[in-house]
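Colleague: take a look and give me a structure for this.
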Amino acid sequence: MAFQRKRGIPLSGLLDAYTKAALLITPPAMTGYTITAEDIARLLPVPKTWLGKSEQPRLDFENIVELLGEKAFSHPQLIRALNPGVNWGDLPAGTTVTIPQVQYPPVADQAALLRISLQECVLEAFDSESNLLVHFPCSIGRLAEKRPAGELRVATIALDPNYTFDPVVFPESPEAQALGRKLIIPPGPNNPVGVAWIGLDRPGYGIHGTPAPEQVGRTESHGCFRLANWNADYLVKLVWIGMPVVVE
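Modeller: Numbering: from 1, shown residues only. Next comes the predicted model:
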């Protein structure tokens, strides 16, 4: 329906003839990607514990399928399905694999407004004339009392941020309670807030990426709004300090 609204097609919510015609893709849907030595060098183990994460130099990609999934805005299972027979455990630089060909439109101007629907688990950005710019699935807070509603504002913007782990925020974690102290978690796509942080003018709340983009819209957060890393990275280009964010 978001696609239909953007294209001016009647809002049927169905894959009708008008929508099928508008969904035609001109360039090839798939492309070949050659894995580089730089890609291989980025692969690092991601510890399971908060303390282990804090001791890593960077929380980069854990394996090559995860890296390719982020490049292609795709679930890792799709990358595997598109490349049957590939030995993912031993993939040297120079290997070419098939991935979806994806790209965002260039940013012509910043957005004027963000709208987040708690019921639909969707974040949308609009320009000054109320035209829809982006429509992203997002995860919302698990507890209703921790879901901010009303009009907020963008307070801070950070690319490739670190993350301050505070045990108070994770009362359900035995490790957090045993640690009893804050930790600085290094940046990277597997950082708890992913590759981008858009802080809101309510302390502790923000819009950010996630180390598990395939779970966005399906699992719940501690109160923030999670996006897939590639969506968070694009959204940063559209927002500005003081920008209104309406949470409905």
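Colleague: how does the protein divide into domains?
Modeller: The record's domain parsing of the chain by automatic domain parsing lists 30-100, 113-160+195-247.
Colleague: tell me which of the ones you listed is the most buried.
Modeller: Mean neighbour count (mean count of other Cβ atoms under 10 Å) peaks for domain 113-160+195-247 among the domains of the chain, with a mean of 18. Where you see a C-beta, it was placed from the backbone N, CA and C, and this is true even at glycine.
Colleague: what sits against V195?
Modeller: 159-160, 187-189, 209, 229, 232-233 (Cβ atoms under 8 Å, 6 or more residues apart in numbering).
Colleague: and of the residues you listed, the nearest to C138?
Modeller: The closest of those to C138 turns out to be A232 (Cβ to Cβ; 9.5 Å).
Colleague: OK, contacts around the closest one?
Modeller: For A232, counting by Cβ under 8 Å, 6+ apart, the contacting residues are 194-196, 198, 207-210.
Colleague: ok, 10 Å please
Modeller: The neighbours of A232, taking Cβ atoms under 10 Å, 6 or more residues apart in numbering as the test, are 123, 136, 138, 159, 193-198, 207-210, 213, 216, 225-226.
Colleague: distance of it relative to E70?
Modeller: Here the distance between A232 and E70 works out to 11 Å (Cβ to Cβ, to the nearest Å).
Colleague: mutual contacts of these two, please.
Modeller: 194-195, 209, 213.
Colleague: and the furthest pair within the residues you listed?
Modeller: V195 and P213 (10.4 Å).
Colleague: all strands of this protein, in order?
Modeller: Here the chain has its strands, by DSSP state E, at 30-34, 96-100, 113-117, 122-126, 132-137, 150-159, 163-165, 183-185, 196-200, 206-208, 225-226, 244-247.
Colleague: so for Y18, which of those strands sits nearest?
Modeller: Once these are compared by Cβ to Cβ, strand 132-137 is nearest, at 17.2 Å.
Colleague: what pairs with the closest one, and is each one parallel or antiparallel?
Modeller: strand 122-126 (antiparallel) (DSSP bridges).
Colleague: next, the angle from the strand it pairs with to strand 113-117.
Modeller: Going by axes from the mean of the first three to the mean of the last three Cα atoms, to 10 degrees, strand 122-126 is angled at 160 degrees with respect to strand 113-117.
Colleague: run through who's touching strand 122-126.
Modeller: Identification of contacts with strand 122-126 by Cβ under 10 Å, 6+ apart yields 2, 5, 110-117, 131-138, 140, 207, 217, 225-227, 231-232, 234-235, 238-239, 243, 245-247.
Colleague: quick check: buried residues in the helix or strand of the chain with the lowest mean pLDDT?
Modeller: Ranking every helix and strand in the chain by mean pLDDT, DSSP states H and E puts helix 174-179 at the bottom, with a mean of 88. Neighbour counts over helix 174-179 (16 or more other Cβ atoms under 10 Å) mark 176, 179 as buried.
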